[in-house]
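# next comes the sequence, and after it the predicted model I'd like to discuss.
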Amino acid sequence: MRIVSMGNLLELLLVVAIIAFQTFCGYIGNKYLGMVLPLTFIGFVLFFLSQGALGFNFKDIIMPFFGPLILAFIYDGGKQTRKKKIKKELDKMKAKDITQNKKDI
């Protein structure tokens, strides 16, 4: 049996918090809040690049492109969830209105 270390647990919680925050920003539709994490990610990449911490291997070249892209997809997922919820509520209201109109006739 493997015991999860505190460092791994904190990393997992950080990833969950980032995904939750980005999804929430998309859900409420706030573009400015939704850009906080991608811009922070790009800032970290530029900082590590200037410090020489990033090399010219596959991971260090591809991750700076995929990080903001993945965050944008998470934001869009939250946005789509809200659109589906609103559409479902409107469909319920239309169905209720149609049944109400049939009773009135």
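Structure received.

# okay, now the unreliable bits of this protein?
Across the chain, the ranges flagged by pLDDT under 70 are 1-4, 103-105.

# longest single helix anywhere in it?
Criterion DSSP state H: the longest helix present in the chain is helix 58-104.

# ok now it, how far from the chain's centre?
Distance of helix 58-104 from the chain centroid (C-alpha atoms, centre = their mean, to the nearest Å) equals 12 Å.

# what do you get for stretch 36-56?
With C-alpha atoms, centre = their mean, you get 20 Å for stretch 36-56.

# go on, stretch 51-68?
Centroid separation for stretch 51-68 versus its chain: 21 Å, with C-alpha atoms, centre = their mean.

# which residue is nearest the centroid of the chain?
Taking C-alpha atoms, centre = their mean, the centroid of the chain lies closest to I74, which sits 2.8 Å from it.

# my read is that that one contacts Q22, right?
Yes - I74 lies in contact with Q22 (C-beta atoms under 8 Å); the separation is 4.3 Å. For glycine as for every other residue, the C-beta is placed from the backbone atoms N, C-alpha and C.

# list residues touching both of the two?
Here I74 and Q22 have no joint contacts, going by C-beta atoms under 8 Å, 6 or more residues apart in numbering.

# need the contact list for the residue nearest to the centre of the chain.
19, 22-23, 26.

# what is the nearest of the residues you listed to F47?
Using C-beta to C-beta, Q22 comes nearest to F47 of the contacts of I74, at 20.7 Å.

# quick one: that closest one from S50, how far?
From Q22 over to S50 the distance is 26 Å, taken as C-beta to C-beta, to the nearest Å.
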